[in-house]
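1. Attaching a predicted model along with its sequence, questions to come.
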Amino acid sequence: MSIKPLAELPENPLRIKRALLSVSDKTGISELATTLHNQGVELISTGGTAKVLRDAGLPVKDVSELTHFQECLDGRVKTLHPAVHAGILARTSYEPDQKELEKLEIAPIELVVVNLYPFQNTVADPDCTLAKATEFIDIGGPTMVRAAAKNFAHVCILTSPDQYASFGGELEEKSAISYETRFDLSRKAFMHTAAYDTAIANYLNQVDEVTVPENFQVSLPLSSSLRYGENPHQNAAVYGDQTKYIDCFHGKQLSYNNYIDIDSALRIIAEFGNDDPSCVIIKHTIPSGAAIGWTLEEAYNKAFSTDTSSPFGGIVIVNKKLDLNTAEAINKIFTEIIIAPDFDDDTLNLLTKKANRRLIKILQPVSKENRWQFRSIFGGALYQENDNYLTPQSEMKVATKRQPTQQEWDDLLFAWKIVKHVKSNAILFAGNQMTLGIGSGQTSRVDSSEIAVARAGKYGLSLKNSVVASDAYFPFPDGLLAANEAGATAAIQPGGSIRDEMVIEAADKCGMAMVFTSHRHFRH
């Protein structure tokens, strides 16, 4: 939507005569204030900021000289005064406002430089108490920011040290600040206060363990603009801070589709922890193959053998430092992204020869503390807890007469970790700690079973003595019996169907072992 500025909003360059500076983050404030002073701007400040400026040899007027009122309540009240806010909110191009300022003997303030108490950093400390957190909820700061942002036609607002250099450069070059700059800074200021209030609301929801807030709020800083979205005709960007989790240290900029695939890869490899060497190959957000091996090389080769076509142009993720032997195996085909906790030097020498291949280091695993997820839909968004739960073996129930063997248990638990990340309806065959056939995203569970069996056959993998995992219950015995006919001797599924007894009876008749987890894992 394009909004034309109102005719009464002056779009002329703004000359700054007075500036109010009150910042929590003092980075660059002395340099900015020096630039302002050199341009003949009168400096007004508060508390710690005023001290920093005086220590830099700059003349500063205390806010109390404007308000004729000393700071009180341990600094909670210092700028909340008409002498401050009338100076910020006055429409200096509007004659009645000019006359009223003259009557009140209040001078206008053309520049406000404010950044807020570090609330988010404070509550990130696990030892932070609610009492301490509330002391870091800024009141006067957001009020000044919003006032200046509202009056962008007559006032300029700076909310981040990142803005000082370009602002100072424009001021030195033109001795004024353009309407376009003021409007842009106003927009950023409102986003800044929105993010701040969202952080406070989200924190208070966590304190009170509110699982479904009355208003869904999210405010994330721009991480990077992207070349395009899922397709070249779609604009796109990524928000938040991905650098806490990954370091893409080689190759082209990550694309929209890359980020989605990487998210899936990080979530599935997190199921394996750092125990046995594990490898997952991702294509279009779902695993085309996964395996555990004695070595990473063995794990990769087993995962690759599940489907030797799909890995081309896909993603490989491992849970151990990537060694040269494994890298050489991966390097035999074009792999777009390789993700690992670390890389051997010899491995890097090999893999960096391809300039466009992305190499990514896992800085920290995707934690189960990432509790919530949301998805935009018509009219709003869907909001839910992430599917972080994985039923421990101790809580699983063997529903059949025959107990699984130890080998079957190992494969069942492995298969359950993987099938959780396959699109519904999901059927997965596994054996010897590797995927053998995967059927996903079908409208019928039987269709998924048939696809999984067919894909195993296509790549020459035997399903004899395999296990089968289903992300949701088998509604009828037919799917289970089809898996048994293909060679599966054990099954794992949530259970919970009104026909469970029929399915159990069918499993008993063919000698299968079957485990119920009591938790399904639909993935749409």
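-> Alright, I've got the coordinates.
2. shaky segments in the stretch 251-400 of the chain?
-> Across the stretch 251-400 of the chain, the stretches falling below the confidence threshold (pLDDT under 70) are 368-370.
3. And the strands in it?
-> Secondary structure of the stretch 251-400 of the chain (DSSP state E, counting those that start in this stretch): strands at 278-283, 286-292, 315-318, 337-340, 358-362, 372-377, 380-385, 397-398.
4. between the ones you listed, which gets nearest to Pro221?
-> Evaluated over those, closeness to Pro221 peaks at strand 372-377, with 17.2 Å, by Cβ to Cβ. Any C-beta I mention is one placed from the backbone N, CA and C, and that applies to glycine too.
5. Tell me the strands beside that closest one, with direction?
-> strand 380-385 (antiparallel) (DSSP bridges).
6. Mind putting the strands of the stretch 251-400 of the chain into a markdown table with mean neighbour count and distance to Asn12?
-> Formatted as a markdown table, the entries for these read as follows, by neighbours: other Cβ atoms under 10 Å; distance: least, Cβ to Cβ, whole Å:
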| stretch | mean neighbour count | distance to Asn12 |
| --- | --- | --- |
| strand 278-283 | 26 | 55 |
| strand 286-292 | 25 | 57 |
| strand 315-318 | 26 | 53 |
| strand 337-340 | 23 | 51 |
| strand 358-362 | 20 | 48 |
| strand 372-377 | 10 | 40 |
| strand 380-385 | 11 | 41 |
| strand 397-398 | 12 | 76 |
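7. Nearest to Asp307, out of the ones you listed?
-> Taking Cβ to Cβ as the measure, those were each checked against Asp307, and strand 286-292 came out nearest at 4.4 Å.
8. Arrange the strands of the stretch 251-400 of the chain in CSV, one row each, with distance to Gly28 as further columns.
-> What follows is these, written out as CSV (distance: least, Cβ to Cβ, whole Å):
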stretch, distance to Gly28
strand 278-283, 42
strand 286-292, 47
strand 315-318, 40
strand 337-340, 36
strand 358-362, 31
strand 372-377, 35
strand 380-385, 37
strand 397-398, 62
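9. between these, which gets nearest to Gly87?
-> When those are compared (using Cβ to Cβ), the closest one is strand 380-385, at 40.3 Å.
10. how near is the nearest residue to Ala176 once chain neighbours are set aside to Lys51?
-> Counting by Cβ to Cβ, 6 or more residues apart in numbering, the nearest residue to Ala176 once its immediate chain neighbours are dropped is Pro13, at 3.6 Å. Computed as Cβ to Cβ, to the nearest Å, the Pro13 to Lys51 distance reads 32 Å.
11. How about Gln206?
-> In this view, Gln206 and Lys51 are 35 Å apart by Cβ to Cβ.
12. repeat for Arg520
-> 61 Å.
13. Which one of the two is surrounded by more residues?
-> Ranked by neighbour count (other Cβ atoms under 10 Å), Arg520 and Lys51 place Arg520 first, with 16 against 13.
14. Need the phi and psi values for Val453.
-> Summarising the backbone geometry of Val453 under the convention degrees, to the nearest 10, its torsions are phi -60, psi -40.
15. Can you read off the backbone torsions of the nearest residue to it once chain neighbours are set aside?
-> Ranked by Cβ to Cβ, 6+ apart and with sequence neighbours excluded, the top spatial neighbour of Val453 is Ala486, at 4.6 Å. Taking degrees, to the nearest 10, you get phi -80, psi -20 for the backbone angles of Ala486.
16. Tell me who's in contact with Ala486.
-> Phe429, Ser449, Val453, Ala456, Leu463, Ser466 (Cβ atoms under 8 Å, 6 or more residues apart in numbering).
17. between these, which is closest to Ala513?
-> For the contacts of Ala486, with Ala513 as the reference and Cβ to Cβ as the criterion, the closest is Ser466, at 12.4 Å.
18. burial count for the closest one?
-> Taking other Cβ under 10 Å as the criterion, the count of residues near Ser466 is 26.
19. Who is it paired with across the strands?
-> When bridges are assigned using DSSP bridges, the partners listed for Ser466 are Ala488.
20. Next, name the residue at the spatial heart of the chain.
-> The centroid of the chain falls nearest to Gly240 when counting by Cα atoms, centre = their mean (5.2 Å).
21. Angles on the backbone of the residue lying closest to Asp342 once chain neighbours are set aside, please.
-> By the measure of Cβ to Cβ, 6+ apart, the closest residue to Asp342 outside its immediate chain neighbours is Lys321, 4.1 Å from it. Main-chain dihedrals, Lys321, degrees, to the nearest 10: phi -60, psi 130.
22. circling back to that earlier point, let me have the contacts of Ala486 in CSV, adding pLDDT as columns.
-> Conversion of the contacts of Ala486 to CSV gives the following (pLDDT from 0 to 100):
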residue, pLDDT
Phe429, 97
Ser449, 87
Val453, 93
Ala456, 92
Leu463, 95
Ser466, 96
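23. Next, give me the two most distant ones among the residues you listed.
-> Pairwise distances across the contacts of Ala486 peak at 12.4 Å for Ser449 and Ser466 (criterion: Cβ to Cβ).
24. Could you pull up the residues touching Arg227?
-> Contact analysis of Arg227 by Cβ under 8 Å, 6+ apart lists Ala236, Gln253, Ser255.
25. Go ahead and confirm the last one touches Leu226.
-> When you say that, I think you mean Ser255. Yes - taking Cβ atoms under 8 Å as the contact criterion, Ser255 and Leu226 are neighbours in contact, 6.2 Å apart.
26. so how far is Ser309 from the residue lying farthest from the centre of the chain?
-> In the chain, Lys103 marks the outermost C-alpha relative to the chain mean, sitting 52.0 Å out by Cα atoms, centre = their mean. Between Lys103 and Ser309 the computed distance is 81 Å (Cβ to Cβ).
27. domain parsing for the protein?
-> When the chain is parsed into structural domains using automatic domain parsing, the resulting residue ranges are 18-207, 246-362, 396-516.
28. Can you check the distance spanned by the shortest one, start to finish?
-> Between the opening and closing residues of domain 246-362 we find a distance of 5 Å, counting by Cα to Cα, to the nearest Å.
29. Kindly report the same for stretch 248-262.
-> Stretch 248-262 stretches 11 Å from its first residue to its last (Cα to Cα).
30. again with stretch 272-283
-> Stretch 272-283 has an end-to-end distance of 19 Å (Cα to Cα).
31. Please apply the same query to stretch 421-435.
-> When the termini of stretch 421-435 are compared using Cα to Cα, they are 13 Å apart.
32. go on, stretch 237-248?
-> From its first residue to its last, stretch 237-248 covers 17 Å (Cα to Cα).
33. and what of stretch 470-482?
-> The separation between the terminal residues of stretch 470-482, taken as Cα to Cα, is 13 Å.
34. Mean confidence (pLDDT) on that stretch, please.
-> Averaged across stretch 470-482, pLDDT comes to 87.
35. which residues are contacting it?
-> Under the criterion Cβ under 8 Å, 6+ apart, residues 419-420, 422, 424-428, 445-446, 449-450, 453, 468, 491-497, 499-500, 502-503, 505-507, 510, 512, 514, 520-523 lie in contact with stretch 470-482.
36. Please produce a ChimeraX select command covering the buried subset of those.
-> What follows is the ChimeraX syntax selecting those of the contacts of stretch 470-482 that are buried according to 16 or more other Cβ atoms under 10 Å:
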select :419,420,422,424,425,426,427,428,445,446,449,450,453,468,491,492,493,494,495,500,503,506,507,512,514,520,521,523
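37. Among the contacts of stretch 470-482, which are located in helices?
-> Val419, Arg445, Val446, Ser449, Glu450, Val453, Asp500, Met502, Val503, Glu505, Ala506, Ala507 (DSSP state H).
38. Can you name the residues that contact the second one?
-> In other words, Arg445. Each residue near Arg445 by Cβ under 8 Å, 6+ apart is listed here: Asn425, Ile427, Ser470, Ala472, Phe474, Pro475, Gly479.
39. List only buried entries from the residues you listed.
-> Asn425, Ile427, Ser470, Ala472, Phe474, Gly479.
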